[in-house]
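S.K.: starting from these lines, generate the structure:
(one chain, ligands or ions: 1)
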Amino acid sequence: MTKKDNSNPLKEIPVLETERLVLRAFSTDDINDIFEYASVKEVTDFLPWETHKTLDDTRAFLKMSREMFNKYGNIDFAILLKQEKKVIGGISIRKWNDINRCADIGYVLSSKYWGRGIITEAIKRIIKFGFEDLNVNRIEAHCDENNTGSYRAMEKAGMKYEGTLREKTFMKGKFINMKFYSILKSEYIG
Ligand SMILES: CC(C)(COP(=O)(O)OP(=O)(O)OC[C@H]1O[C@@H](n2cnc3c(N)ncnc32)[C@H](O)[C@@H]1OP(=O)(O)O)[C@@H](O)C(=O)NCCC(=O)NCCS
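M.R.: Now for the predicted structure:
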């Protein structure tokens with residue numbers, strides 16, 4: 001897909017807010033905050049990327065994130081708690097095109113903040129952003145069938161279970177059954 005195929009109309013990544021969170025573009029100044037969560041093994045167990053070993057891994061992530069925005073319009077938001085003004089995770093919306101108007105989301109959160117409804121709150125805001133600002137018609141997400149926290153958050157954000165694709169992904173040495181979820185613009189209540 002070339003840049004002109006994208007329906008993402010944005011030149012820059014906006015700042016979005018929820019009650020407790022700010023979602024904004026990553027900055028090179030965030031490197032230590034990102035490394036703090038990305039270097040924890042339990043955080044990356046269900047993710048396709050490897051646990052960060054050094055700050056160079058985090059630097060490479062920041063570079064790739066910017067490139068994917070410029071080339072494909074993929075948007076990676078940093079997640080900050082308003083109270084702490086520190087990056088504690090990330091949430092992305094990506095892979096859309098003009099014909100299908102379908103986007104995919106993915107997310108990660110520092111393990112220190114798990115279980116407080118933070119990702120549910122962030123997913124809801126990204127769904128609103130996709131439908132109201134990006135003219136997307138369908139937003140989907142998927143996860144390892146054993147990643148209960150991830151699919152519970154999708155469900156709580158209003159996404160519907162569509163099925164499990166058997167051994168869909170080869171990740172970290174094994175084939176993984178993936179659960180797929182989505183929400184359509186016609187189902188979205190703003
Ligand atoms: C998955 C993840 C994003 C969830 O973030 P979070 O902010 O803790 O999620 P929320 O608090 O909004 O919701 C999680 C829900 O799952 C539940 N949950 C979490 N882990 C669970 C587990 N092992 N078993 C059962 N329920 C679990 C929580 O209790 C909560 O549901 P509830 O409010 O009904 O109790 C976070 O754990 C994470 O970053 N994991 C590592 C990266 C990752 O897996 N990303 C997703 C890749 S698809």
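S.K.: does stretch 52-69 come close to the ligand?
M.R.: No - using Cβ under 6 Å from any ligand atom, stretch 52-69 stays clear of the ligand, with a minimum separation of 13.3 Å. C-betas here are computed from N, CA, C, even on glycine.
S.K.: from the chain's centre, how far out does the strand or helix carrying Ile126 sit?
M.R.: Assigned by DSSP states H and E, Ile126 falls within helix 118-133. Relative to the chain's own centre, helix 118-133 is displaced by 10 Å; criterion: Cα atoms, centre = their mean, to the nearest Å.
S.K.: what mean pLDDT does it have?
M.R.: The pLDDT scores in helix 118-133 average 97.
S.K.: any idea which helix or strand comes after it?
M.R.: strand 138-144.
S.K.: which elements pack onto that next one?
M.R.: strand 102-109, helix 118-133, helix 148-156, strand 160-171, strand 174-184 (3 or more Cβ pairs under 8 Å, 6 or more residues apart in numbering; DSSP states H and E).
S.K.: helices or strands up against the helix holding Ile126?
M.R.: The contact analysis (3+ Cβ pairs under 8 Å, 6+ apart) places helix 118-133 against strand 16-17, strand 21-25, strand 75-81, strand 87-94, strand 102-109, strand 138-144, helix 148-156.
S.K.: now do the shortest one: distance to the chain's middle.
M.R.: In this case it means strand 16-17. For strand 16-17, the distance to the chain centre is 15 Å (Cα atoms, centre = their mean).
S.K.: what's it packed up against?
M.R.: Secondary elements touching strand 16-17 (3+ Cβ pairs under 8 Å, 6+ apart): strand 21-25, helix 118-133.
S.K.: of the ones you listed, which is nearest the ligand?
M.R.: Within these, the stretch nearest the ligand is helix 118-133; the backing value is 3.4 Å (Cβ to the nearest ligand atom).
S.K.: so which bits of the longest helix along the chain are buried?
M.R.: Counting by DSSP state H, the longest helix found in the chain is helix 55-72. By 16 or more other Cβ atoms under 10 Å, the buried positions in helix 55-72 come out as 57-58, 61-62, 65, 69, 72.
S.K.: brilliant, that's me finished.
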